[in-house]
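Novice: Attaching a predicted model along with its sequence, questions to come.
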Amino acid sequence: MYNGPGEYTLNPKTVTDDKGRIVTVRSHADAGEARTRGIETCNWVKVTVEAENAVGSRLWSYVNRVDWCYSNAIVTSISPIQIASDIPQWSNLAGWTYDGVKSKEQWDYYGDKWVYRNHTQAKFEYCPPRVICIDEALPEILIDTYADGGYDYDWAVG
C-alpha cells in the first residue's frame, strides 16, 4: 500500500488463536507534513500495531517511527528507527510483558538512495501468573521510505 504524507490507514484483522480467544490486531500510520530545510525536504512516518481482546480493550501496542530527508530524488539522511511499546497497567497485571526488540535493521534497498527499508520485530509474552508463559506475540513492522517523501508499510503479528 502506498501512503502519502498525512494519510491514515486502519486495517483490523480479527483472529481466533489456537487457544480459542478472539483477538483483534490492527495498524495505522500517521505521517508529518513535508517540511523544507535548506535544499532538502524532510518527512516522518509512525506506524502503530496494537492488539485488543474480545471486548475491545487494548492488550499492547508497538510503534516504529522513521524521520528522513530527501533532495534531487535521493534520501539525504535518515534517522535510526525509533521504537516504543506500551502495555496498559491492567494488561500487565493480567500477565502481558514486553520482552524487547528481537530484530532491527535499516538499509538502502536498491543501493541508490531512492528507498530505505526499515524493519523491526519485537516480542510480547503472556505469562499468568508470572510462573510460566503460555502465549507470545511477535509484531513485525516494515516501512519503506522514498526520496519523494512517500512511504509504504506492512506489518504482521506471529
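Specialist: It's in.
Novice: And the helices in this protein?
Specialist: Residue ranges of the helices in the chain, as given by DSSP state H, are 89-94.
Novice: Low-confidence regions, it specifically.
Specialist: Applying pLDDT under 70 to the chain flags residues 1-28.
Novice: Tell me where it has strands.
Specialist: 2-3, 13-16, 22-31, 35-37, 40-52, 58-71, 74-78, 82-86, 96-108, 115-126, 135-137, 139-146, 151-157 (DSSP state E).
Novice: relative to strand 58-71, how tilted is the last one?
Specialist: Right, strand 151-157. Counting by axes from the mean of the first three to the mean of the last three Cα atoms, to 10 degrees, strand 151-157 lies at 160 degrees to strand 58-71.
Novice: neighbouring strands for strand 151-157, and are they parallel or not?
Specialist: Strand 151-157 has these partner strands in its sheet, going by DSSP bridges: strand 2-3 (antiparallel), strand 139-146 (antiparallel).
Novice: Give me the angle between it and strand 115-126.
Specialist: Calculated by the same axes, to 10 degrees, strand 151-157 forms an angle of 20 degrees with strand 115-126.
Novice: Renumber starting at 7 from here on
Specialist: Yes, from this point I'll number from 7; that puts the last item at strand 157-163.
Novice: buried sites along strand 157-163?
Specialist: Tyr157, Asp158, Tyr159, Trp161, Val163 (16 or more other Cβ atoms under 10 Å). The C-beta positions use only the backbone N, C-alpha and C, and glycine is treated the same way.
Novice: Just list the residues touching the closest residue to Arg123 other than its chain neighbours, thanks.
Specialist: Take Arg123 and drop its neighbours on the chain: the residue closest to it by Cβ to Cβ, 6 or more residues apart in numbering is Tyr115, 4.6 Å away. Neighbouring residues of Tyr115 by Cβ atoms under 8 Å, 6 or more residues apart in numbering: Val121, Tyr122, Arg123, Asp150.
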